[in-house]
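Novice: sequence and computational prediction follow.
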Amino acid sequence: MPLSPTQLNALRALLDRLIPADEYPGALAAGTDKFILQLLTHSCAAEATTLAQGLMRLDAEANSCHGQRFAALPATAQDALIRALVQNRTTTPWPATVSAAAFVNRLIDLAAEGFYADPANGGNRDAASWRMIGYDPLLPVRPSAP
Amino acid sequence: MNASHSIYDVIIVGAGLGGGIAAGVLAEAGQRVLVLERGSDLRYRDIPGDHLRHHRLSLYGDNTTHDPAGHPRVFVDPQGGSRTVFPHEAEYHNNALTVGGGSRVWGMQAWRFHPDDFRMATRYGRPAGSSLADWPITYTDLAPYYERAEHEVGVAGDHTTTHYAPRERAFPLPPVPSTPTGAWLARGAAKLGWNAFTPPLAVNTAPYQGRAPCVQCRQCIGFACPTDARNGSHNTLLPRALATGRCTLITRAHVARVLTDTSGRAIGVEYFAPTAPDSAQTERRTAFATTIILAGGAIETARLLLLSNSPQHPHGLGNHSDHVGRHLQGHYYPVVSGLLPAGFENPNLGPGVSIATTQFNHGNPGVIGGAMLANDFVKLPIIFWRSHLPPDIPRWGLANKKAMRELYLRGIDLRGPVQEIPSPDSRVTLDPHVRDRFDLPVARLSGTTHPETVRTAEFIRARAEDWLRAAGAERVWSSAMDLRLSASQHQAGTARLAADPREGVTDSFGRVHGHDNLWITDGSLHVTNGGFNPALTIMALAFRAAAKIAAAH
């Protein structure tokens, strides 16, 4: 497991704001957290430490502003904090290796990659996002190509 | 077969379009042919439909490379910083490494070059600092081989509309079906007084050569075709070569050098290949032939010429005038996005490219050359999210999610392959430090295209915006082009044709100057790369060279 339970909580809370549920499933219901964990174990293993650090800094920022971890904040406070971090407006020190904006922007990309990619990647369960936007690859059930 | 010391009539390095076509023509002409391909011979099920790892979006890998870690390149940025890059990264300038090469996963646009694409220096003059030159052949020289490629590989198109390039025969397949977005763009073009027509695509729009037609799925460019309707070398000329019984295809074979004798004649190749077809163990082998053809793409063919140095050729084969690896070019692609009017019924059917204009390939005021402009392939949702949402849409949150569902089917974009003005400083060399799996120096890519390319690209970008606005797009946006190295899937120019050995690497047929049995049949030959997708020209040159070789034997 590339992330601690606390880091994982922060990740899930963040994903829930990056692609929230509305009348359609959001990132968490579609399994985007599992997609990201899978990437951090394989294709993006080299990024795991940086993202883990970023998630700890996210909690530190939440604590500094509101006295609670990110996951415990109300959605409006979470969104305000995300907006601040995207602009590199921070209240706690971030390590030189990861800026607040780079961290949040990377998570924004990862969330969308999982949510809008093919279901086999693990973050778009039951093709939820594809059904939402009206995309179906229309591949033949039995491909005739050798 | 004992392949460790085998003798053939012809050895072909690379089983992409140029190599596969040469194999088919020569094996059918009675030659014993060995094809060495670094990639694998992939079936449909071997090429995953992974939307994050394919040949249009390769974020974490691609769907054809079998040993990505073993074959890096080095990329030098315009500021001079260099770094080691791997096949899925943009700076690697990859093409599909598999039997069929790029044609296994390509977008299938099968354009003839414009007659003036062969005489760019004469028409426009050579800008200072560029290596712009005429081809040593004309459109008329190549026309019969364009026709052969269209018929033997299989191109769908409407011969009554492709006026810019005179032709004698109709296309063998009817054009791809018109689409509502194509009809909408056609009305826009008519308003502007521009030509607009269905572009030629190498896809079966009807059963052809024993294979099924396209079913208009929405997972096309960058992936394998589920009905094998996409035409390439892997399902046409290469199977024809193998069917003769005279062609041997060895996959996962990496050619290390071309061997020459003291007179300069190519006598064979040294290569690494698995000890058995599925083995991870490799062994070094040698194969001999009377004719050697290089078709590994503009980056690897240049690298192989440079790797094949000898006391007689200390700077590599064909490099007598310091042209090998230089003039590396691809296409600049301005992309202009917009939104179809609200309520537009967009069935979003594949392949998606359904209308093009050649209004701006030449004769544009104040710039050199130009480009064909066309609409694009069916967009994958993740590609739409990354690159085609309006710029003022928030990147996250409910507003982003809502925009995805409201705008995905309203997205429209135009793009065109801008003919590059080549620079001698945009080049492939051997990296002095980084080596591949077999301890061979890897390709080092450096330099940029000539600044005139950027000016032409900006002109074309403005015309694409005009087109979307005239058609009635609700919004239109695009980004400015910057000066950079461009090669990628349309890589070309690194062993260019030249009647005069001082001006290029090969003669007008693709035979390396000074080595009369060493040939090239890939994009390396292109003096300039046309304002069109280059594949049909690669094919035509391969048919022409192979016919010449066959006639001489």
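Specialist: Structure received. Residues are numbered from 1 along each chain as shown, chains lettered A, B, ... in the order given.
Novice: show me what counts as buried in the helix or strand in which B:Ile549 is found.
Specialist: Assessed by DSSP states H and E, B:Ile549 sits inside helix B:535-552. Within helix B:535-552, the residues that count as buried by 16 or more other Cβ atoms under 10 Å in any protein chain shown are B:535-547, B:549-550. C-beta: built from backbone N, CA, C; applies to glycine.
Novice: any idea of the pLDDT on B:Met1?
Specialist: Per-residue confidence (pLDDT) for B:Met1: 41.
Novice: and what of B:Leu409?
Specialist: 97.
Novice: please apply the same query to A:Tyr24.
Specialist: 98.
Novice: shouldn't it be in contact with A:Ala128?
Specialist: Yes. With contact defined as Cβ atoms under 8 Å, A:Tyr24 and A:Ala128 form a contacting pair (6.7 Å).
Novice: what parts of the stretch 1-150 of chain B come near chain A?
Specialist: B:Arg43, B:Tyr44, B:Arg45, B:Pro48, B:Gly49, B:Asp50, B:His51, B:Leu52, B:Leu59, B:Tyr60, B:Gly61 (Cβ under 8 Å from any Cβ of the partner chain).
Novice: and the longest helix along chain A, what other elements does it pack with?
Specialist: The longest helix of chain A (DSSP state H) is helix A:48-66. Judged by 3 or more Cβ pairs under 8 Å, 6 or more residues apart in numbering or on different chains; DSSP states H and E, the packing partners of helix A:48-66 are helix A:5-18, helix A:32-41, helix A:75-86, helix A:100-116.
Novice: got CSV for those helices, with distance to chain B, mean pLDDT and mean neighbour count too?
Specialist: As requested, those are arranged in CSV below (distance: least, Cβ to the nearest Cβ, whole Å; pLDDT from 0 to 100; neighbours: other Cβ atoms under 10 Å in any protein chain shown):
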stretch, distance to chain B, mean pLDDT, mean neighbour count
helix A:5-18, 4, 98, 20
helix A:32-41, 7, 98, 21
helix A:75-86, 7, 98, 17
helix A:100-116, 4, 98, 22
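Novice: out of those helices, which is closest to B:Gly129?
Specialist: helix A:100-116 (36.9 Å; Cβ to Cβ).
Novice: next one: the residue nearest to B:Ser508 when sequence neighbours are not counted from B:Met120, what distance?
Specialist: If the residues on either side of it in the chain are set aside, B:Ser508 comes closest to B:Pro136, at 4.0 Å by Cβ to Cβ, 6 or more residues apart in numbering or on different chains. Separation of B:Pro136 from B:Met120 (Cβ to Cβ, to the nearest Å): 13 Å.
Novice: overlap in contacts, the two.
Specialist: B:Val527 (Cβ atoms under 8 Å, 6 or more residues apart in numbering or on different chains).
Novice: more neighbours: those two, which one.
Specialist: B:Met120 (25 against 19; other Cβ atoms under 10 Å in any protein chain shown).
Novice: could you verify my assumption that that one touches B:Leu132?
Specialist: Yes. Using Cβ under 8 Å, B:Met120 is in contact with B:Leu132, at 5.5 Å.
Novice: overlap of the contact sets of the two?
Specialist: Counting by Cβ under 8 Å, 6+ apart, the residues touching both B:Met120 and B:Leu132 are B:Ile368, B:Thr528.
Novice: which helix or strand contains B:Ser337?
Specialist: Using DSSP H and E, B:Ser337 sits within strand B:335-339.
Novice: that strand pairs with which strands?
Specialist: Strand B:335-339 sits in its sheet next to strand B:411-415 (antiparallel), strand B:476-478 (antiparallel), going by DSSP bridges.
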